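Q: A predicted structure for the sequence below; I have some questions about it.
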Amino acid sequence: MIKGIESKIVSRKQLPSLVRRLRKEGRRIVFTNGCFDILHWGHVYYLARARELGDVLIVGVNSDASVRRLKGKDRPVNPLRDRLRVLAGLEVVDYVVSFSEDTPIRLIRTVRPDVLVKGGDWRVKDIVGADEVISWGGEVVTIPLRRGRSTTGIISRIIKDKRR
């Protein structure tokens, strides 16, 4: 195990005390979530921009079962543990935590982020947790997507190339 990476992976049980400590330190907490199945430049750009909005970036990651329900039986390509480790290996990500529900609303209520971030393909009114974050004085930010960068697109190109 690589200590620096593993220490950034937190459990749901550890999350409340972590958030209390961060708040006590006066840190501005940014939260985002996703499947992050095949990490690509669009993800890295998005996470770096999200991190710029605060002092700490916490990333919620869908469990394997959750990804299957949302994306289909052939997903995820990479198992949860790998996805958590890859994200934790990024300098811009401070902590990662998994969730098994289809939405991160319980995580959002636990973290109570100062900033909730989603990709530009989401309208603020449709972002899970937006109403809650706004109600406690936080903000909701969308970050424009990098054109042509998507896991689904990458998988489609791989399948197409494989058929040739």
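A: Nice, I can see it. Residues are numbered from 1 along each chain as shown.
Q: helix or strand for the most centrally placed residue in the chain, which one?
A: Centroid check for the chain by C-alpha atoms, centre = their mean gives Asn33 as the closest residue, at 2.6 Å. Element membership of Asn33, judged by DSSP states H and E, is strand 29-34.
Q: sheet partners, orientation included, of that strand?
A: The pairing partners recorded for strand 29-34 under DSSP bridges are strand 56-62 (parallel), strand 115-119 (parallel).
Q: buried set for stretch 47-59?
A: Within stretch 47-59, the residues that qualify as buried are 47, 50-51, 53-54, 56-59, counting by 16 or more other C-beta atoms under 10 Å. For every residue, glycine as well, the C-beta is placed using N, CA and C.
Q: tell me the contacts of Glu6?
A: 85, 88 (C-beta atoms under 8 Å, 6 or more residues apart in numbering).
Q: quick check: Asn62 touching Asn78?
A: No: checked against C-beta atoms under 8 Å, the pair Asn62 and Asn78 is beyond contact range at 11.8 Å.
Q: look at the two and report which has more neighbours.
A: Shown here are Asn62 and Asn78; by other C-beta atoms under 10 Å, Asn62 has more neighbours (27 against 19).
Q: neighbours of the nearest residue to the more buried one once chain neighbours are set aside, how many?
A: Ranked by C-beta to C-beta, 6 or more residues apart in numbering and with sequence neighbours excluded, the top spatial neighbour of Asn62 is Cys35, at 4.8 Å. Cys35 has 21 neighbours, counted by other C-beta under 10 Å.
Q: other residues contacting the helix or strand following the strand holding Asn33?
A: Sequence-wise, the next helix or strand downstream of strand 29-34 (DSSP H and E) is helix 41-51. Residues outside helix 41-51 that contact it (C-beta under 8 Å, 6+ apart): 30, 32, 34, 36, 57, 59, 87, 90, 92-94, 115, 117, 119, 141, 143, 145-146, 149-150.
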